[in-house]
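K.L.:
Just to be clear, the model below is a prediction. Sequence and coordinates:
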Amino acid sequence: MANTFDKFLRKYLFFVLLFHYQAIAQYHYTENISQTYLSILNLEEKKARQELEQYPSESRAWKILLENYLDVLPILLTDNLKDLEKKQERQAERLSQLENFPQNSPYYLFFQAEIRAHWAMVYLKIGQPWSAFYEFSKAYYSLTRNQRLYPHFIPTQKTLGFFQILLGCVPEKYKWIATTIGLKGTIYEGKKMLRDAIQQNEWYSKEAQLLLVLSEMYLLNISPENFIKCDASCTVLEKICNAMIASKKQRAFEVKKLLNNLPFYLFFQVPYVAYMRADAFLQTGEYDSAIRWFEYYLNHTQTTNYIKASYFKLFLCSWFLNRPDTTRYKIGALQQGSLRNEADKYAFEFFQTGRLPNKNITQARFFTDGGEYEKALNALSFVEPQKLSLYDLAEYYYRYARIYHAQKQYDKAFEMYQKAIKHGKHLSTYFAANSDLQLGILCMEIKKDTLCAIQHLKQTLSYKKHEYKTSLDAKAQNLLQKIQHRE
């Protein structure tokens with residue numbers, strides 16, 4: 001009996017170890033994978049594909065995942081929809097292949113979730129929300145199951161953390177839908193997961209850092225606390241992100257410096273970088289340079305995004321330079337491009353209303369956006385407030401408030417925000433809404449008055465219609481969640 005049991009045990013252990021080995025072999029990680037991952041983050045597609053050709057069969061699962069990165073990145077970065085149908089077919093093939101891989105590994109569900117997460121972002125980017133929702137929910141369920149099965153497998157937290165932030169940004173009136181179908185998440189928990197992934201300093205840490213930074217800037221509409229640390233291994237995507245952070249922090253001079261260090265071919269490969277450079281020139285008052293780079297963007301972009309915004313800003317540059325021929329910019333803003341982002345919506349509404357704002361106040365706005373506060377104050381000094389319309393008067397006080405806030409003159413900022421609210425609360429524009437938001441931040445961070453902060457943040461959410469409602473509401477919700485977690 002004992003011999004029989006020993007034979008059974010030996011055979012059982014043999015098959016267990018063999019199955020475990022097969023699982024490891026299919027998901028085998030090598031330094032080559034890390035190198036290809038860096039090539040992808042450096043936007044070196046040709047090099048990455050050459051490296052993938054050399055992969056051994058033991059790393060087949062990794063090859064499938066990294067090939068998917070190469071398919072989706074051009075869409076996410078440039079809206080390049082070339083060969084979209086073929087790429088969609090390849091996605092289905094990849095998922096089918098991965099389903100046949102050994103299931104006794106945390107990578108089994110993780111790789112499938114990663115591919116679905118990539119495509120959820122693609123569908124969101126190209127305006128197919130139902131397809132995005134389908135892929136998102138499939139990825140979310142795989143990730144949450146993987147976390148239950150393998151709670152110490154940190155790569156899961158990279159993508160699940162990003163999903164948590166996305167779910168935390170869902171407007172209150174729609175949250176019940178997500179909760180009903182089991183999609184739950186908070187901004188606080190999502191950021192914590194991403195930070196945990198970053199601290200591991202593993203192959204996924206760079207992507208986790210990028211996801212955190214992009215979430216803060218474009219989902220939560222806040223300025224990241226720190227720049228991404230750039231050493232010799234700093235990738236092109238990390239450098240672009242640092243330029244975005246500098247822009248968010250109102251440092252136009254630094255944006256120009258960071259973008260000057262990028263290879264020139266990148267402005268052709270990712271035209272949005274040219275748009276960022278043009279914006280920086282506009283914000284420092286170098287209008288001829290701004291015109292050149294906005295036109296470069298319009299001539300090279302393959303997307304419909306920021307077309308209207310570019311024409312609007314070309315109009316502004318010509319207006320500031322007192323050049324009369326601006327009709328073509330107005331026509332471009334009204335007839336070309338799309339209305340999928342707030343900058344384009346603002347540009348379209350600007351020309352649709354036909355109302356020309358005060359030139360000095362408008363210049364002050366862009367100087368402030370670039371951190372050129374003395375230039376902004378100088379522009380405002382030429383304004384005669386008693387001659388302004390109600391709209392311009394609201395913006396006049398709002399611009400002063402933004403400058404004083406940036407200069408840490410908080411009492412003056414508080415006073416000016418209140419005046420902007422008084423004159424702008426009944427206008428269909430964002431001056432009052434963002435003034436309440438900023439007062440909420442001042443109450444929370446400077447006055448340490450939680451009740452005051454909650455009052456102003458809730459007031460931000462109450463404004464029914466303005467150009468930046470989506471982003472300002474998301475920021476107010478994020479801050480209210482922060483207060484809730486502190487309590």
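P.N.:
It's in.
K.L.:
List the buried residues in the helix or strand where residue 297 lies.
P.N.:
Using DSSP states H and E, residue 297 maps to helix 287-300. Within helix 287-300, the residues that count as buried by 16 or more other Cβ atoms under 10 Å are 287, 289-291, 293-294, 296-298. Quick note: C-beta positions are derived from backbone N, CA and C, even for glycine.
K.L.:
can you give me the end-to-end distance of stretch 319-328?
P.N.:
13 Å (Cα to Cα, to the nearest Å).
K.L.:
For residue 303, grab phi and psi.
P.N.:
phi -110, psi 170 (degrees, to the nearest 10).
K.L.:
my bad, should have said residue 100
P.N.:
The phi/psi pair for residue 100 (degrees, to the nearest 10) is phi -90, psi 0.
K.L.:
do the same with the one 3 residues further on
P.N.:
Main-chain dihedrals, residue 103, degrees, to the nearest 10: phi -90, psi -10.
K.L.:
what's the burial count for it?
P.N.:
Neighbour count for residue 103, taken as other Cβ atoms under 10 Å: 11.
K.L.:
I'd like the distance between it and residue 63.
P.N.:
In this view, residue 103 and residue 63 are 19 Å apart by Cβ to Cβ, to the nearest Å.
K.L.:
same for the helix or strand hosting residue 134, what does it pack against?
P.N.:
Residue 134 is part of helix 129-149, with elements assigned from DSSP H and E. In terms of contacts (3 or more Cβ pairs under 8 Å, 6 or more residues apart in numbering; DSSP states H and E), helix 129-149 is packed against helix 106-125, helix 155-168.
K.L.:
Mark out where each domain of this structure begins and ends.
P.N.:
25-143, 154-249, 262-354, 357-487 (automatic domain parsing).
K.L.:
Let's test this: mean pLDDT of the first one, rounded?
P.N.:
Okay, so that is domain 25-143. Here domain 25-143 scores 90 as its mean pLDDT.
K.L.:
Can you name the residues in contact with the helix holding residue 297?
P.N.:
267-268, 271-272, 274-275, 277-279, 281-282, 306-307, 310-311, 313-314, 317-318, 320-321, 332 (Cβ atoms under 8 Å, 6 or more residues apart in numbering).
K.L.:
and the next element down the chain from it?
P.N.:
helix 307-320.
K.L.:
Which residues does that next one contact?
P.N.:
275, 278-279, 282, 285, 287-288, 290-291, 294-295, 297-298, 301, 325-326, 329-330, 332-334, 336-339, 341, 343-348, 350-351, 359, 362-363, 366.
K.L.:
what is the orientation angle of that helix with helix 287-300?
P.N.:
160 degrees (axes from the mean of the first three to the mean of the last three Cα atoms, to 10 degrees).
K.L.:
quick revisit: can I have the buried ones of the contacts of helix 307-320 as a PyMOL selection?
P.N.:
The PyMOL command for the buried members of the contacts of helix 307-320 (criterion: 16+ other Cβ under 10 Å) is given here:
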select buried, resi 275+278+279+282+285+287+290+291+294+297+298+301+329+330+332+333+337+338+341+343+344+345+346+347+348+350+351+362+363+366
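K.L.:
re earlier: okay if I get the domains of the chain as TSV plus distance to residue 256?
P.N.:
Listed next are these as TSV, based on distance: least, Cβ to Cβ, whole Å:
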stretch	distance to residue 256
domain 25-143	21
domain 154-249	9
domain 262-354	5
domain 357-487	10
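K.L.:
Only alpha carbons, please: show the helix holding residue 297 as PDB.
P.N.:
Coordinates of each C-alpha in helix 287-300 appear next as PDB, following Å, rounded to 0.1, in the frame of the first residue of the first chain:
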ATOM      1  CA  TYR A 287       3.400  85.200 -31.700                       C
ATOM      2  CA  ASP A 288       5.200  84.700 -35.000                       C
ATOM      3  CA  SER A 289       6.800  81.500 -33.700                       C
ATOM      4  CA  ALA A 290       3.400  80.400 -32.300                       C
ATOM      5  CA  ILE A 291       1.900  80.900 -35.800                       C
ATOM      6  CA  ARG A 292       4.600  78.800 -37.400                       C
ATOM      7  CA  TRP A 293       4.000  75.900 -35.100                       C
ATOM      8  CA  PHE A 294       0.200  76.000 -35.100                       C
ATOM      9  CA  GLU A 295       0.400  75.900 -38.900                       C
ATOM     10  CA  TYR A 296       2.900  73.000 -38.600                       C
ATOM     11  CA  TYR A 297       0.400  71.100 -36.500                       C
ATOM     12  CA  LEU A 298      -2.500  71.700 -38.900                       C
ATOM     13  CA  ASN A 299      -0.400  70.600 -41.800                       C
ATOM     14  CA  HIS A 300       0.800  67.300 -40.200                       C
END
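K.L.:
tell me the mean pLDDT for that helix?
P.N.:
Here the average pLDDT along helix 287-300 is 97.
K.L.:
what's the answer for stretch 223-238, then?
P.N.:
82.
K.L.:
what angle do the strand or helix carrying residue 89 and helix 106-125 make?
P.N.:
Assigned by DSSP H and E, residue 89 belongs to helix 84-99. Between helix 84-99 and helix 106-125, the angle comes out at 160 degrees (the same axes, to 10 degrees).
K.L.:
Give me the residues contacting helix 84-99.
P.N.:
So helix 84-99 is contacted by 61, 64, 67-68, 71-72, 75, 108, 111-112, 115-116, 119 (Cβ under 8 Å, 6+ apart).
K.L.:
Those: which two are farthest apart?
P.N.:
75 and 108 (26.1 Å; Cβ to Cβ).
K.L.:
so how far does stretch 295-307 reach from one end to the other?
P.N.:
Note: stretch 295-307 ends 10 Å apart using Cα to Cα.
K.L.:
try stretch 194-203
P.N.:
Terminal-residue distance, stretch 194-203 (Cα to Cα): 14 Å.
K.L.:
mean confidence score for that stretch?
P.N.:
91.
K.L.:
Buried ones in that stretch, by neighbour count?
P.N.:
In stretch 194-203, counting by 16+ other Cβ under 10 Å, buried: 194, 197-198.
K.L.:
Quick one: neighbours of residue 462, just the number.
P.N.:
For residue 462, using other Cβ under 10 Å, the count is 11.
K.L.:
In helices, which of the contacts of helix 307-320 appear?
P.N.:
275, 278-279, 282, 287-288, 290-291, 294-295, 297-298, 329-330, 332-334, 343-348, 350-351, 359, 362-363, 366 (DSSP state H).
K.L.:
pretty sure residue 109 contacts residue 146?
P.N.:
Yes: counting by Cβ atoms under 8 Å, residue 146 is a contact partner of residue 109 at 4.2 Å.
K.L.:
what residues are up against residue 109?
P.N.:
So residue 109 contacts 142-143, 145-146, 149 (Cβ under 8 Å, 6+ apart).
K.L.:
Throw the residues you listed into TSV and include distance to residue 380 and neighbour count, thanks.
P.N.:
Output for the contacts of residue 109, formatted as TSV (distance: Cβ to Cβ, whole Å; neighbours: other Cβ atoms under 10 Å):
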residue	distance to residue 380	neighbour count
142	54	22
143	50	27
145	57	13
146	55	22
149	60	15
